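Student: this one's structure only:
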C-alpha cells in the first residue's frame, strides 16, 4: 500500500512538472523579437538560479541543505554535470523554437523520455523483473512516442519557412532531447544515494549558470557584447526571469517524480509538457494560424500520440521483482560510497533522518528570498510589452490551470513526504 501511494505521488508530481515545464518555455518566443538565442538562455538561467536558491531555502532552510550535501559530497560533481547538460540542452531549445516553433519543437525534444528509459533500464535496474503487462505498456508507449516524433518532424518540414531552417530546428530539438535524457542519470544516482531533490538542484545551478554564461561569451562576441545585449534586452528580462522561475518549479516536481517512480516512468509523465507547449504555442501565440488543415491535424495527432505513449509508460507500476532490482542498484551505491543502506531505503520511501534534526530557516535564508524578490521587482518595473502577438484570454486560462497543479502537487508532497 505504501508503494502504491508513492506511485500515485510520483504520477501527480510528473503531471505538475509537465504543466510548469510547458509554461516555462513560453518566454522563449521572445526570439521572434530579434534577441540572441544565447541571451534568451542566459536570461532564463538567471531566473533559474534565483529560483533554485530561493525555493529550497524557504522549504527546508540552508542549514538542512548543507547537512544533506555533506552526507554525500560525491554527488556534488554529478549535480554540476547535470547542470552543464541541462544548460546546453536549454540553449538548443531556443534554436529549435526559433526555427520550427514551440508547438513542433516540444514533442521532438521530449524524445528524452526514450533516452531516460534506456538509461534507467541499463544502469539502475528499472524494468528488470517487470512482467509482460509492464513491458507492454513501456515498449508500446516508447513506440508511440517515437512515432509521434516522426509525424511532427514531417509536419514541421512542410510548414517551416525553408527546409534548411526546419532541419536546424529538428536537429536542435533532438539534440536537446538526447542531452536531457542523459541528464537523468545523475538524478537517479542522487536519489538512490539518499539525497533530497532540493539539495541536488541547489548544486545543480552552478553547472547550468557557468555553462550558459560561457556559451554567451563565446558565441555572442565576448563580455562587452553580452553586456550591450543585456542593456538592450532590459525591458524583456522580467519575462525571461519569470520563465526560468517557472522552470524551477517544473523541474522540482520532475525531480520528485524521478525519485519516487524512477526515470523510466517519471520522465515520460513529465513530458506531458508537450501538450501544454502545444496549448501555449497554438492558443496564446497563434502558431497554428496560416497553416493548412492537414498540417494542423498532423501536429495535433502527433502530439496526442506522444502523450498517449507517455501515459502508458508512466502508469506501469513497478512490481516486487523490479523493486528488488532497484534495491540491488541502491546496494551498489551504498557499497561504492560507504553509505548507510537503511537510510537510503528510508529516503526512497519518503522519509528523511534530517527532518527531525532541528534545522530552521535562518536570517540568511530570508535575506536570500528578499534579494530574489527585489531582483524580480526591479525587472518587473523595467518590463515593457514585447512585439509578440498573444491572446490574453488564453493566457489567463493557462496560468490558472498551471497554478492549480502547483497547489495540488505541492500539497500532496508536503502531506506525504514533507518535501523529502
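Tutor: Right, received. Where do you want to start? What you see is a predicted model, and the numbers here were worked out from it, not measured in a lab.

Student: so what's the residue count around residue 375?
Tutor: Other residues within reach of residue 375, judged by other C-beta atoms under 10 Å, total 16. Glycine gets a C-beta too; all of them are placed from N, C-alpha and C.

Student: what's near enough to touch it?
Tutor: The contact partners of residue 375, taken as C-beta atoms under 8 Å, 6 or more residues apart in numbering, are 50, 241.

Student: next, count neighbours for the spatially closest residue to residue 364 that is not a sequence neighbour.
Tutor: Closest residue in space to residue 364, ignoring its immediate chain neighbours: residue 62 at 6.1 Å, by C-beta to C-beta, 6 or more residues apart in numbering. If you count neighbours by other C-beta under 10 Å, residue 62 ends up with 18.

Student: same question, the one 4 residues further on
Tutor: When counting by other C-beta under 10 Å, one arrives at 12 neighbours for residue 66.

Student: so how far is the helix or strand harbouring it from its chain's centroid?
Tutor: Assigned by DSSP states H and E, residue 66 falls within helix 62-71. When C-alpha coordinates are averaged (C-alpha atoms, centre = their mean, to the nearest Å), helix 62-71 and its chain have centres 23 Å apart.

Student: for it, which outside residues touch it?
Tutor: Residues outside helix 62-71 that contact it (C-beta under 8 Å, 6+ apart) are 56-57, 75-76, 194-196, 198-199, 202-203, 354, 357, 359-362, 364-365, 368.

Student: now it: buried residues?
Tutor: 62, 63, 64, 65, 67, 68, 69, 71 (16 or more other C-beta atoms under 10 Å).

Student: and the buried ones among the contacts of helix 62-71, selectable in PyMOL?
Tutor: Burial among the contacts of helix 62-71 is assessed by 16+ other C-beta under 10 Å; the matching PyMOL selection reads:
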select buried, resi 56+57+75+76+194+195+196+198+199+202+203+354+359+361+365+368
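
Student: now residue 386, what's its secondary structure?
Tutor: coil (DSSP: H, G, I helix; E, B strand; the rest coil).

Student: okay, it and residue 120: tell me how far apart.
Tutor: Distance of residue 386 to residue 120, given as C-beta to C-beta, to the nearest Å: 39 Å.

Student: who's more crowded, these two?
Tutor: Shown here are residue 386 and residue 120; by other C-beta under 10 Å, residue 120 has more neighbours (28 against 17).

Student: element containing the more buried one?
Tutor: Applying DSSP H and E, one finds residue 120 within helix 112-124.

Student: buried sites along that helix?
Tutor: Going by 16+ other C-beta under 10 Å, helix 112-124 has these buried residues: 112, 113, 114, 115, 116, 117, 118, 119, 120, 121, 124.

Student: I'd like the average pLDDT over it.
Tutor: Helix 112-124 carries an average pLDDT of 85.

Student: for stretch 46-55, same thing?
Tutor: Mean pLDDT, computed over stretch 46-55, is 85.

Student: before we move on, what about stretch 247-262?
Tutor: 90.

Student: ok, stretch 344-352 next?
Tutor: 84.

Student: same check on stretch 369-378?
Tutor: On average, stretch 369-378 scores 91.

Student: tell me the buried residues in it?
Tutor: For stretch 369-378, the neighbour count (16+ other C-beta under 10 Å) marks 369, 372, 375, 376 as buried.
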